[in-house]
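Undergrad: What follows is a protein structure lacking sequence information:
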């Protein structure tokens, strides 16, 4: 993070230092991955990391900024420095500071600073894109390896475990979220949790992601166990058409909301728009869900370097669901689908 980029955080802000407590933002600004680290960011671009003695060596290896090893509460060490520097107006991450910690700063004028760093994080650097690409490849390899070990009669949990195992085997730090494996009617729940249901003939939805070098990937693929029904084929074709239309619309200057509108318009032509019950997608990076949100009213204009998911779906209670999802990079002229896994209708068993 260069000083000019950090100083951009202070434009039009009425504070003299920014307190950063969200772990992903701490990592973004400093590279520090420990579980206990807060930052003070100053208008000139200077950053001080506060952590505890457990991370003395780690912080020295990972960080180039000033580091303070606090022997007590991080908040107390930070307040001491703020008093020494005669700083009273302090911005803070309103969604990531507990009420108790907020109240401990009663001697200072705390100003909520909403999603400042998240806004910077929306556009990825070349290094971040490289890491996301690697995560996407690992994710896709893990799916193929797991499906090779799939057998009819396995439970949802067993297949999810295969996916997580292969993901780590191919280089992931771990799953980006709890792997979703949902069979039959269970797939009508967008965030279904794998259980003991056996995977026999019918719909199989797999939503999976990996963290690799700290960066996320996200993908949903459908598998039909046994011959697919006509209803499934029609639903799959409609969802795929809507997903491809959304991807085709992605380019710099187009709003996130417009992409969502295009997705819904296609599904409406198939009389399936009411069965699409979530947004078209979301940003990802150090977190699996980041701005922008590809929702109806999101006014964010897409920019080169943003990485987003495109994941329309339809869900019918008692029958099942169909969702198709790729990780997509916004480029200078349009977009690039990073996910290499085929989206052809897939059948097994």
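TA: Everything's here; your move. Source: prediction; values computed, not measured.

Undergrad: rest of the way, CA atoms for contacts and neighbours
TA: Noted.

Undergrad: roughly how far apart are residue 249 and residue 242?
TA: 11 Å (C-alpha to C-alpha, to the nearest Å).

Undergrad: tell me the contacts of the closest residue to residue 348 other than its chain neighbours?
TA: By the measure of C-alpha to C-alpha, 6 or more residues apart in numbering, the closest residue to residue 348 outside its immediate chain neighbours is residue 225, 5.0 Å from it. Shown here is residue 225, whose contacts under the criterion C-alpha atoms under 8 Å, 6 or more residues apart in numbering are 152, 199-204, 347-349.

Undergrad: Torsion angles phi and psi at the closest residue to residue 274 other than its chain neighbours?
TA: Setting aside the residues directly before and after it, residue 274 is nearest to residue 268 in space (C-alpha to C-alpha, 6+ apart), at 7.8 Å. In this entry, residue 268 is assigned phi and psi values of phi -60, psi -40 (degrees, to the nearest 10).

Undergrad: ok, residue 268 to residue 343 distance?
TA: Per C-alpha to C-alpha, residue 268 is found 21 Å from residue 343.

Undergrad: Likewise for residue 24?
TA: In this structure, residue 24 and residue 343 are 32 Å apart, going by C-alpha to C-alpha.

Undergrad: So which of the two has more stuff around it?
TA: Summary of the neighbour comparison: residue 24 and residue 343, criterion other C-alpha atoms under 10 Å, with residue 24 having more neighbours (19 against 15).

Undergrad: returning to that earlier point: what about the contacts of residue 225, which one has the most neighbours?
TA: Among those, the one with the most neighbours (other C-alpha under 10 Å) is residue 203, at 26 neighbours.

Undergrad: Can you name every helix or strand that the strand or helix carrying it contacts?
TA: Secondary structure assigned from DSSP states H and E places residue 203 in strand 202-208. Other elements packing on strand 202-208 under the criterion 3 or more C-alpha pairs under 8 Å, 6 or more residues apart in numbering; DSSP states H and E are strand 180-183, strand 219-225, strand 320-323.

Undergrad: Pull up the pairing partners for it, direction included.
TA: strand 180-183 (antiparallel), strand 219-225 (antiparallel) (DSSP bridges).

Undergrad: neighbouring contacts of the helix or strand just after it?
TA: Toward the C-terminus, strand 202-208 is succeeded by strand 210-212 as the next helix or strand (DSSP H and E). Contacts of strand 210-212 from elsewhere in the structure, counted by C-alpha under 8 Å, 6+ apart, are 131-132, 134-136, 138-139, 167, 171-177, 216-218.

Undergrad: One more: stretch 252-260?
TA: Around stretch 252-260, the neighbours that count as contacts under C-alpha under 8 Å, 6+ apart are 246-247, 249-250, 279-281, 292-304, 330-334.

Undergrad: Please check those residues and keep the buried ones.
TA: For those, a neighbour count by 16 or more other C-alpha atoms under 10 Å gives the buried set as 246-247, 249-250, 279-281, 292-296, 298, 300, 302-304, 330-331, 334.

Undergrad: where exactly do the strands run in the stretch 1-150 of the chain?
TA: 17-20, 37-41, 47-51, 66-69, 89-92, 109-112 (DSSP state E, counting those that start in this stretch).

Undergrad: tally of neighbours for residue 100?
TA: What residue 100 shows, counting by other C-alpha under 10 Å, is a neighbour count of 8.

Undergrad: cool, and the one 10 residues further on?
TA: Neighbouring residues of residue 110 were enumerated by other C-alpha under 10 Å; the total is 21.

Undergrad: Return the distance of it relative to residue 101.
TA: For residue 110, the distance to residue 101 under the criterion C-alpha to C-alpha works out to 11 Å.

Undergrad: Next: residue 338.
TA: Residue 338 sits at a distance of 41 Å from residue 101 (criterion: C-alpha to C-alpha).

Undergrad: Between these two, tell me which one has more neighbours.
TA: In terms of neighbours (other C-alpha under 10 Å), residue 338 is the more surrounded of residue 338 and residue 101; the figures are 19 against 11.

Undergrad: longest helix anywhere in this protein?
TA: Longest helix in the chain by number of residues, with DSSP state H as the criterion: helix 126-148.

Undergrad: Ramachandran angles for the closest residue in space to residue 115 that isn't next to it in sequence?
TA: If the residues on either side of it in the chain are set aside, residue 115 comes closest to residue 93, at 7.4 Å by C-alpha to C-alpha, 6+ apart. For residue 93, the backbone dihedrals (degrees, to the nearest 10) come out as phi -80, psi 100.

Undergrad: right, and residue 93 touches residue 117 too?
TA: No - using C-alpha atoms under 8 Å as the test, residue 93 is too far from residue 117 to be in contact (9.3 Å).

Undergrad: Tell me how far residue 336 lies from residue 128.
TA: Residue 336 is 15 Å from residue 128, where distance means C-alpha to C-alpha.

Undergrad: more neighbours, those two?
TA: residue 128 (19 against 16).

Undergrad: which residues does the more buried one contact?
TA: When contacts are counted by C-alpha under 8 Å, 6+ apart, residue 128 is found next to 215, 285.

Undergrad: Mind pulling the model confidence for it?
TA: What the model reports as pLDDT for residue 128 is 97.

Undergrad: ok now stretch 316-327, how far from the chain's centre?
TA: Relative to its parent chain, stretch 316-327 has a centroid offset of 19 Å by C-alpha atoms, centre = their mean, to the nearest Å.
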